[in-house]
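Undergrad: Need a 3D model of the sequence below.
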Amino acid sequence: EVRPKPRKVSVYESELLDWQPPTAIVRCRVSAGTYVRALARDLGTSLGTVATLASLVRTKVGRFTLEDATALDALDATSLTERLAPVEVALSWMPRVAVSPVQAQQLRQGKVVCEPAGPTSSGIDGLALAQTEDHRFLAIVVSNDAKLRTERVIYAD
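TA: A predicted model of the protein is given here:
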């Protein structure tokens, strides 16, 4: 039996849109990290029954909405290029960590960086966006215990 670790999440809004037993259509606005399938399971348990998801439509992630989306089959090379968001827009929700040129090189090489250069690194625990001193985006990093570890390189000279 698999028992996932409990995690703290927030359900900001939950609305019953339709109820045709045994099917319910629900709209939820939840925090990052919320497993909506687990939410359905837990709702069923609290009602003394079982519940599962038949479908899930994500209508918003960060600043990106379903209304702004484009179907994959509607994209070609030109329209894809026009629709791509710059890194600073796509990852605007992530905290920033300034790194020195030496630390930037270490991150490009997959090394762990101790004591990041800038004051922006204090208090960050989790994913962050490392940027060079001239504000170019370098990598998505995991920040904890005053150390940075590369998760994905975004820019490399």
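Undergrad: so where does S79 fall, helix or strand?
TA: Take DSSP states H and E as the rule and S79 turns out to sit in helix 77-83.
Undergrad: what mean pLDDT does that helix have?
TA: Here helix 77-83 scores 88 as its mean pLDDT.
Undergrad: send the alpha carbons of that helix over as CSV?
TA: Extracted in CSV, the C-alpha atoms of helix 77-83 (Å, rounded to 0.1, in the frame of the first residue of the first chain):
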residue,chain,number,x,y,z
ALA,A,77,7.2,27.2,-36.9
THR,A,78,6.3,30.9,-37.4
SER,A,79,3.3,31.0,-34.9
LEU,A,80,5.3,28.9,-32.4
THR,A,81,8.1,31.5,-32.4
GLU,A,82,5.5,34.3,-32.0
ARG,A,83,3.8,32.6,-29.1
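Undergrad: Toward the C-terminus, what is the element adjacent to it?
TA: Defined by DSSP H and E, the subsequent element after helix 77-83 is helix 87-90.
Undergrad: mind checking how far that next one is from the chain centre?
TA: What separates the centre of helix 87-90 from the centre of its chain is 13 Å, taken as Cα atoms, centre = their mean, to the nearest Å.
Undergrad: The helix or strand following it pairs with which strands?
TA: Later in the chain than helix 87-90, the nearest helix or strand by DSSP H and E is strand 96-99. Using DSSP bridges, strand 96-99 pairs in its sheet with strand 126-132 (parallel).
Undergrad: Which residues outside the partner strand are in contact with it?
TA: 87, 91, 94-99, 101, 104, 107, 116, 121, 137-144, 148, 150-151, 154 (Cβ atoms under 8 Å, 6 or more residues apart in numbering). Where you see a C-beta, it was placed from the backbone N, CA and C, and this is true even at glycine.
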